[in-house]
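**Q** Next one to model:
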Amino acid sequence: MGAAALLASVTSSSVALASDFDELGNFVPDKDAVDFEGFDMPNRYVPDDVDASCEEQAFEVLEGDALETGSFARIQVSGDCAERFEVFLPAERASYKASVWVRHGSIGARMTVAYDGDAGPEIQNARMSPTGRATSDGWIEMASNEFPVDGTRMPHVYVRLVDFAGVEGVDVDALEVVRSGEYYGPTTCEGVRDPVCGPDALCVGGACRLGGLSVPVLPPPELREDTAVALRERFRLFFGGHKTRLVDLPVALATIDRMKDAKTAWEYWNGFATAGRQLHDWHTRVNGAMLEGGVRGRINACFIEGDADLTHNVWPKHPLYDDILVSHAGMDGLGLQAGDRLVAIDGEHPIAWARKLVDVDWGYHVATDSASYADLVEGLGGPQWAGGTILRYAREISFIRCNPATGTCNDTIETIKIDDIPVVTSGQDLACDNRPSYHLQSGGPDPANHYVFGTMYYGRIADTADEEQIFGMVWDTLYGGFDPNGYVNSNIKARSAEWKASARGVILDHRAGNGGTLDAPEYMTDLVRPAETFAVVRMPIPVAAFDGPATVEEGVALFEDSQFASPYHVGDAGHDPNLPVALVLHRDGSASDYMPLGMKGAPKVKLFGPGPTAGAFSTFIQFNYWGGLSFQIASGDTITKDGEPMIGRGVMPDYVVDQKQSDLLAGVDTIHEAALAWVRQELKP
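**A** You can find the predicted model right below:
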């Protein structure tokens, strides 16, 4: 049957199978195709805003064993560039599917519809993925789900291609566009579950977004269950540790088992993404293109868990969740200021509202410890690149405003509809880092933007006497990279040496702990405790589908078996047993779990914060698929010397301290003040 001989023929309405093969194995384009590109003389398209370094042609037309006729294109792009080939559609509103065949290596493909808007180009992308059809000489069909085009606006419609994994490039042929389904025009909406969007779309930022544009095609019936089983087995075999495998994994597997009954691509793949989110793990996420493009406006204010001690008479405290307060705010922050209280989102407590997004929010991120909600709260406000959950999914928010000048709050609730929030583009985005303020005497982070990120700030603590010699550090990263001379580790070692030599007390502010590598927390523990092997890190999962130790005795046996192969070493013979060190925590995971785990219980260390760390005591494994889909899952566990598996068990502070509304109004950081008071009581002689 030659070049076009089929290994398998898949016929399903779920995928764009407009073209076919005749009885001799020859490729036959669909006679009703709206446009077809055989790559004899392809219509290359270069948008006006393409970087100059990407303007040069990165393909060649070759003769040979093409899929259709005698020629095909071989593309080989460099850097962040792409090749684009335009198709031409009727000047009418319609919905289409597209398919293209590729060979050798891998390719990132999407159909793009670009309109000229008043505020600049309006871009809509439809990701492409394999359909299940392939030929004996290596051609693989990729297709999109349905995408709407308003041809009356004269858009540019093109396939955007980026090649991977092909030393000499990737071949493409037979780009075809066919009509499919009903036109889905721009639709406004309110709240993520607005039924006006229909079952295959979500309301994001006040506009309906078609889910199918952002996910792979629906596998054909004969592969649908097998695909789900393959994904299920990755979770079952490699995910998690003791607690998460027993508590969270069964919930996720049950969701995957229902994928086989899905009728649309969105229902299928969002089901898988939901299962990933149900694993309830700080290291685990399913990534896709659903949130590409952002939403209008911003809420440039950051929220934090606390104690609204001034307003419980206006709105009572929730029986389960902490109150939600404004930590800090900037320009375009709805006029909110530190101490204001967010009482409800769409009529519910903000945490209760955020938790219910598990089946729709592709940016959903939670702690592994089910008692920690810090990630959800941190993500409510701030810029879209760091959270923006309210702006994306809510209809309205309700809050109580306060007056810092008088130290009092209103006795009424104010409600703002998200659609009524003005769009302001000037001024800096404000990062949310769970710190109402900074406390270094000089050289600290900029309070105008809270951009700590990968920088380590250190110095004398503000408002302390010279003779007290109290020093501190503010930082978020523990990515040492196993380089003892790298930025993070060299700073930790240098500061530790300085503090042992001249400090009488230390305050470590790590309230937005983004994790890193295990070496950095090990270096930090060298300051405060004697050397020992505190735990073993059995990660990734050492035995497929291993649920971890069922008893303490089994845990101790695992520790003893692994303490020389994968130890978590803490402490150093040169530690300072008389130096009081306060570690201030809030939203901390991964390596930022290991640091407090290794410091807690040391002779002169106390932990301060509102609740447990994330409990993300594992590593993770990453998987990549087509159509913009990828996922990573936590794998493994950490077993202490006492035989306790730690995953899902965050480190509790020695002093549980909530930010107080009255303090925030007065410009006081409650948690820092508690840490400072303890250090002063324990000053090194």
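
**Q** give the contact list for residue 662.
**A** Residues in contact with residue 662, defined by CB atoms under 8 Å, 6 or more residues apart in numbering, are 309, 310, 339, 407. Every C-beta, even on glycine, is put in place using the N, C-alpha and C of the backbone.

**Q** my guess is the last one contacts residue 664, does it?
**A** Spelled out, it's residue 407. No - shown here, residue 407 and residue 664 do not form a contact pair, counting by CB atoms under 8 Å, at 10.4 Å.

**Q** neighbour-wise, which of these two wins?
**A** residue 664 (29 against 13; other CB atoms under 10 Å).

**Q** Spell out the secondary structure type for that one.
**A** Taken by DSSP: H, G, I helix; E, B strand; the rest coil, the conformation at residue 664 corresponds to helix.

**Q** Which helix or which strand is home to the residue lying closest to it once chain neighbours are set aside?
**A** Sequence neighbours aside, residue 339 is the residue nearest to residue 664 in space, at 3.8 Å (criterion: CB to CB, 6 or more residues apart in numbering). Using DSSP states H and E, residue 339 sits within no helix or strand.

**Q** that older thread, may I ask which of the contacts of residue 662 has the most neighbours?
**A** Neighbours here mean other CB under 10 Å. Within the contacts of residue 662, the largest count is held by residue 339, at 30 neighbours.

**Q** Would you mind measuring from that one to residue 84?
**A** Per CB to CB, to the nearest Å, residue 339 is found 51 Å from residue 84.

**Q** same question, residue 36
**A** Applying CB to CB to residue 36 and residue 84 gives a distance of 17 Å.

**Q** so how many other residues sit close to residue 655?
**A** Neighbour count for residue 655, taken as other CB under 10 Å: 16.

**Q** That should have said residue 188, apologies.
**A** When neighbours are counted by other CB under 10 Å, residue 188 registers 12.

**Q** now do residue 625
**A** For residue 625, the number of neighbouring residues by other CB under 10 Å comes to 17.

**Q** Surely it is in contact with residue 216?
**A** Yes - taking CB under 8 Å as the contact criterion, residue 625 and residue 216 are neighbours in contact, 6.8 Å apart.

**Q** Now do the same contact list for the residue nearest to residue 430 when sequence neighbours are not counted.
**A** The spatial neighbour of residue 430 that comes closest, neighbours along the chain excluded (CB to CB, 6+ apart), is residue 330 at 4.1 Å. Going by CB under 8 Å, 6+ apart, residue 330 touches 300, 301, 427, 428, 430, 448, 449.

**Q** taking these one by one, which sit in helices?
**A** When the contacts of residue 330 are checked against helices using DSSP state H, none is located there.

**Q** quick one: which of the residues you listed is nearest residue 351?
**A** residue 301 (16.8 Å; CB to CB).

**Q** Check the gap between the closest one and residue 67 for me.
**A** Counting by CB to CB, the separation of residue 301 from residue 67 is 55 Å.

**Q** next one: residue 40
**A** The span separating residue 40 from residue 67 equals 12 Å under the rule CB to CB.

**Q** which residues of the chain fall in helices?
**A** When assigned using DSSP H, the helices of the chain occupy the ranges 221-238, 242-247, 249-257, 265-278, 350-355, 374-378, 389-393, 487-502, 519-525, 552-562, 591-599, 661-665, 670-681.

**Q** strands paired with the longest strand seen in the chain, and their directions?
**A** Among the elements of the chain assigned as strand by DSSP state E, the one spanning the most residues is strand 120-135. As defined by DSSP bridges, the strand partners of strand 120-135 come to strand 6-8 (antiparallel), strand 106-117 (antiparallel), strand 140-144 (antiparallel).

**Q** How about exporting the longest one as CSV, limited to the C-alpha atoms?
**A** Going back to what we said before, that points to strand 106-117. Coordinates of the C-alpha atoms in strand 106-117 are reproduced here as CSV (Å, rounded to 0.1, in the frame of the first residue of the first chain):
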residue,chain,number,x,y,z
SER,A,106,7.3,15.7,17.6
ILE,A,107,5.5,19.0,17.0
GLY,A,108,3.6,21.6,18.9
ALA,A,109,0.6,22.6,16.7
ARG,A,110,-2.3,24.9,17.2
MET,A,111,-4.8,26.6,15.0
THR,A,112,-4.8,30.3,15.6
VAL,A,113,-7.5,32.9,14.8
ALA,A,114,-6.2,36.4,15.0
TYR,A,115,-8.5,39.4,14.8
ASP,A,116,-7.5,43.1,14.6
GLY,A,117,-9.1,44.5,17.8
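
**Q** and it, which residues are buried?
**A** 107, 108, 109, 110, 111, 112, 113, 114 (16 or more other CB atoms under 10 Å).

**Q** Tell me the pLDDT of the nearest residue to residue 245 once chain neighbours are set aside.
**A** Leaving aside its sequence neighbours, residue 245 sits nearest to residue 547 (CB to CB, 6+ apart; 4.9 Å). Reading off the per-residue confidence, residue 547 sits at a pLDDT of 97.
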